[in-house]
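J.: this one's sequence-less:
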């Protein structure tokens, strides 16, 4: 393999240049992904490489990530370094996974979670998960609230009480006890938080909950610093009310415990929770 030394290979030089000149990890991750896809086919820019050269280039690429990229991003934002590892892992490159625990610890130290919510409803969720695991599942507490900073950088704020909920559990998923095939309410895990774009009087907002088929709930803060939860059907906002997370979780638990499936269409319907659909 010595005849295929890659320390000054144009691919490595290009990755290093992007790493040095880019202000965020996005450009480096994009270029890394492009090179990974090519090298998985032993190719560079349309040229098929000899197997030994492709192997050597893959090794040099991982060396660059380990010795330069992870170090740079870890010092600035551990989430960026973990994003690089996630991209490698997605394509089957797990050689650097031993770096993940210390980066996760660094991220947790940089963005520690607040005290977890200690509402009775949280205890009810956990009890339901123990008694009816086919109906209720509850995620482990988050170790970091880095995602809130990333959303804030994108112009979307999250309420403190929501971070406390995530500090208690990274998502939960409820179905109806009387109709176990019917999903009724869930808190999305942090990796699945989505964005609803501006529509009419509703600004861009974080999608955090699902209420069953085609129903989702997003959260936003208005210019007067008031928090709202938005009822969306098929990705379109149709109503809102002042945010009260405990009330929302309590209602979701009521839907899980509905006496009959028909109850979901009346006393336990989301229209009952959102009596006014005015925007």
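T.: Perfect, I can see it now. Just so it is clear, the structure is predicted and the values come from calculations on it, not from any experiment.

J.: which strands or helices does the longest helix along the chain pack on?
T.: Counting residues, the longest helix found in the chain (DSSP state H) is helix 25-40. Packing partners of helix 25-40 (3 or more C-beta pairs under 8 Å, 6 or more residues apart in numbering; DSSP states H and E): helix 10-21, helix 51-64, helix 78-90. Using the backbone N, CA and C atoms, a C-beta is placed for each residue, glycine as well.

J.: tell me which of those sits most buried.
T.: Most buried of those, by mean neighbour count (mean count of other C-beta atoms under 10 Å): helix 78-90, with a mean of 19.

J.: tell me the helices and strands packed up against that one.
T.: Helices and strands touching helix 78-90, by 3+ C-beta pairs under 8 Å, 6+ apart, are helix 25-40, helix 70-76, helix 100-110, helix 146-153.

J.: tell me the buried residues in the longest helix of the chain?
T.: Residues of helix 25-40 classed as buried: 25, 28, 29, 31, 32, 35, 36, 38, 39 (neighbour count, 16 or more other C-beta atoms under 10 Å).

J.: dump those to CSV, plus pLDDT.
T.: Listed next are the buried residues of helix 25-40 as CSV, based on pLDDT from 0 to 100:
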residue, pLDDT
25, 86
28, 95
29, 95
31, 95
32, 96
35, 95
36, 95
38, 95
39, 94
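
J.: show me where this protein dips below the pLDDT cut-off.
T.: For the chain, applying pLDDT under 70 flags the ranges 1-8, 276-279.

J.: what residue spans form the domains of it?
T.: As given by automatic domain parsing, the domain ranges for the chain are 2-110, 120-273.

J.: need the contact list for residue 61.
T.: Each residue near residue 61 by C-beta atoms under 8 Å, 6 or more residues apart in numbering is listed here: 11, 12, 15, 32, 35, 36, 39.

J.: any idea how far the fifth one is from residue 204?
T.: What it means is residue 35. Using C-beta to C-beta, to the nearest Å, residue 35 is found at 33 Å from residue 204.

J.: quick one: the strands in the stretch 101-250 of the chain, in order.
T.: With DSSP state E, counting those that start in this stretch as the criterion, the stretch 101-250 of the chain has strands at 136-138, 172-176, 179-187, 194-196, 205-212, 215-221, 227-233, 236-242.

J.: in CSV: these, plus mean neighbour count and distance to residue 105.
T.: Converted to CSV, the strands of the stretch 101-250 of the chain look like this (neighbours: other C-beta atoms under 10 Å; distance: least, C-beta to C-beta, whole Å):
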stretch, mean neighbour count, distance to residue 105
strand 136-138, 20, 24
strand 172-176, 23, 25
strand 179-187, 20, 25
strand 194-196, 16, 28
strand 205-212, 22, 26
strand 215-221, 22, 29
strand 227-233, 20, 32
strand 236-242, 16, 38
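
J.: need the ones you listed in TSV (columns: distance to residue 90).
T.: Converted to TSV, the strands of the stretch 101-250 of the chain look like this (distance: least, C-beta to C-beta, whole Å):
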stretch	distance to residue 90
strand 136-138	24
strand 172-176	24
strand 179-187	24
strand 194-196	19
strand 205-212	23
strand 215-221	26
strand 227-233	29
strand 236-242	32
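
J.: quick check: the residue nearest to residue 112 when sequence neighbours are not counted vs residue 88, distance?
T.: Nearest non-adjacent residue to residue 112, counting by C-beta to C-beta, 6 or more residues apart in numbering: residue 144, 6.9 Å away. Distance, residue 144 to residue 88, by C-beta to C-beta: 20 Å.

J.: same check, this time on residue 249
T.: Separation of residue 249 from residue 88 (C-beta to C-beta): 37 Å.

J.: which ones are touching residue 54?
T.: 39, 42, 43.

J.: and if you look at residue 11?
T.: Contact analysis of residue 11 by C-beta under 8 Å, 6+ apart lists 35, 44, 57, 61.

J.: just the closest of the buried residues of helix 25-40 to residue 81, please.
T.: Of all these, residue 81 sits closest to residue 25, with 7.8 Å by C-beta to C-beta.

J.: ok, the closest one touching residue 86?
T.: No: Residue 25 is beyond contact range of residue 86, at 10.8 Å (criterion: C-beta atoms under 8 Å).

J.: what count of nearby residues applies to residue 201?
T.: Applying other C-beta atoms under 10 Å, we find 10 residues neighbouring residue 201.
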